[in-house]
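Undergrad: Here you go, sequence then predicted model.
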Amino acid sequence: MYQHDWILDLADRLSDGPDGGPITRRVVGVGIAAVVCLHGLRCCLVQRATTINLAHRGQMSPMFWKEYNGTPAITFGVLLICVSLFIHFRWYWGNHKRLQYHYEIPTAISIVASIVAMTVHFWTVWKWT
């Protein structure tokens, strides 16, 4: 057994078709996607974002939260919107009776958009801070 088998398991699970019914479609595909999208829109409009400080390794302290202002906050908001689109296409379209045959292309586009948004966000964080 390799130490990082969970990465392969996660990739295998994400490459399978979505599982779930109408409840999963509504709760995850609409509810969670809407919450993530609204948070991303708020970050873009207010130009302020608060995230978990990954450099602090999850230890609770005053430095547990990291705050971004300006352009890094906008790019983080765009990243959240791309992630919410992935969630929506994967779990709403993938579990819908008529849309399940067309969910793969928008899901792939949202993954590519998320990767681009993450790259731009990391670049702006590195450049602006």
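TA: Nice, thanks for sending it over.

Undergrad: Quick check: the gap between the nearest residue to Ile81 once chain neighbours are set aside and Ala55.
TA: The shortest distance from Ile81 to any non-neighbouring residue, by CB to CB, 6 or more residues apart in numbering, is to Gly40 (4.1 Å). No exception for glycine: its C-beta is placed from N, CA and C like everyone else's. From Gly40 across to Ala55, the span is 22 Å (CB to CB, to the nearest Å).

Undergrad: mind listing what the most centrally placed residue in the chain touches?
TA: With the centre of the chain defined as its mean C-alpha position, the nearest residue by CA atoms, centre = their mean is Val83, 2.8 Å away. Residues near Val83 by CB atoms under 8 Å, 6 or more residues apart in numbering: 36, 40, 110, 114.

Undergrad: Can you turn the buried part of the residues you listed into a PyMOL selection?
TA: To isolate the buried ones among the contacts of Val83 in PyMOL, judged by 16 or more other CB atoms under 10 Å, type:
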select buried, resi 36+40+110+114
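
Undergrad: I'd like the contacts of Val83 written out as JSON lines, with distance to Thr124, pLDDT and secondary structure added.
TA: As requested, the contacts of Val83 are arranged in JSON lines below (distance: CB to CB, whole Å; pLDDT from 0 to 100; DSSP: H, G, I helix; E, B strand; the rest coil):
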{"residue": "Val36", "distance to Thr124": "20", "pLDDT": "96", "secondary structure": "helix"}
{"residue": "Gly40", "distance to Thr124": "15", "pLDDT": "96", "secondary structure": "helix"}
{"residue": "Ser110", "distance to Thr124": "20", "pLDDT": "95", "secondary structure": "helix"}
{"residue": "Ser114", "distance to Thr124": "16", "pLDDT": "95", "secondary structure": "helix"}
